[in-house]
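Asker: Return a 3D structure for these sequence lines:
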Amino acid sequence: MRRILLLAVLIVSAATASFAQTSKSSSSGKFSIGVDPGLPVGSASDYSSFAIGGDLKYSIPAAQNFDVSLSAGYSVFIGKTIDFLGQSVKADNLKGIPVKLAGRYNFNGATGFFGEFGVGAAFIQDGGGTAFVYAPGVGYAADGGFEAGIRYEGWSKNGSIGQIALRLAYSFQ
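Answerer: Okay, here's the model as predicted:
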């Protein structure tokens, strides 16, 4: 519990320090909401064939063409039926709440291609504890607030599970 509290304090502190660096001439922050379907990869594909999630993200300009964001969501790795010693066994769903702090470089300004890298924690439900999350990705932001991105998201705790996820989102400008 102390590690979770310490991680939350560090994320909020880093976000506050980053947000404080914005100048008055830069635009204000914005919220976005997204849906995140994914394909489990690596050991996660042994017990899950699909992942689905959603998130709420707040991003604010920190420098020219660079934004800092804080996001929280809900993700489910849907358990699949596997053959175990001649018997069909349904794997449990793995559910978690990922919270990430990310930096995003916008190659062409507010619209166009971007690259992003996020880190944080996933609070795994049903007694799973807390995992370290890392998520590099790329995407495209269109006029009107719509964006699409693809990322690898890994959860690391006594091993690692991961997914290739698509984020389809709308930003409230």
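Asker: can you map out the strands along this structure?
Answerer: 30-35, 38-41, 48-63, 66-79, 81-84, 87-90, 94-106, 112-124, 129-141, 146-156, 160-172 (DSSP state E).
Asker: okay, and for this protein, where does confidence drop off?
Answerer: Where the chain drops to pLDDT under 70, the residues are 1-27.
Asker: burial count for the residue nearest to residue 88 when sequence neighbours are not counted?
Answerer: Excluding its sequence neighbours, the residue lying closest to residue 88 (CB to CB, 6 or more residues apart in numbering) is residue 81, at 5.2 Å. (Glycine included, C-beta is placed from N, CA and C.) By other CB atoms under 10 Å, the residues close to residue 81 number 11.
Asker: Let me see the contact set for residue 81.
Answerer: 88, 89, 90, 91 (CB atoms under 8 Å, 6 or more residues apart in numbering).
Asker: Would you quantify the distance from the closest residue to the second one other than its chain neighbours to residue 40?
Answerer: The spatial neighbour of residue 89 that comes closest, neighbours along the chain excluded (CB to CB, 6+ apart), is residue 82 at 5.7 Å. Spatial separation of residue 82 from residue 40 under the definition CB to CB, to the nearest Å is 13 Å.
Asker: of the two, who's got more company?
Answerer: residue 40 (22 against 12).
Asker: The more buried one: what's it in contact with?
Answerer: By CB under 8 Å, 6+ apart, the neighbours of residue 40 are 48, 49, 50, 51, 77, 161, 162, 163.
Asker: Give the buried subset of these as a ChimeraX selection command.
Answerer: Burial among the contacts of residue 40 is assessed by 16 or more other CB atoms under 10 Å; the matching ChimeraX selection reads:
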select :48,51,77,161,162,163
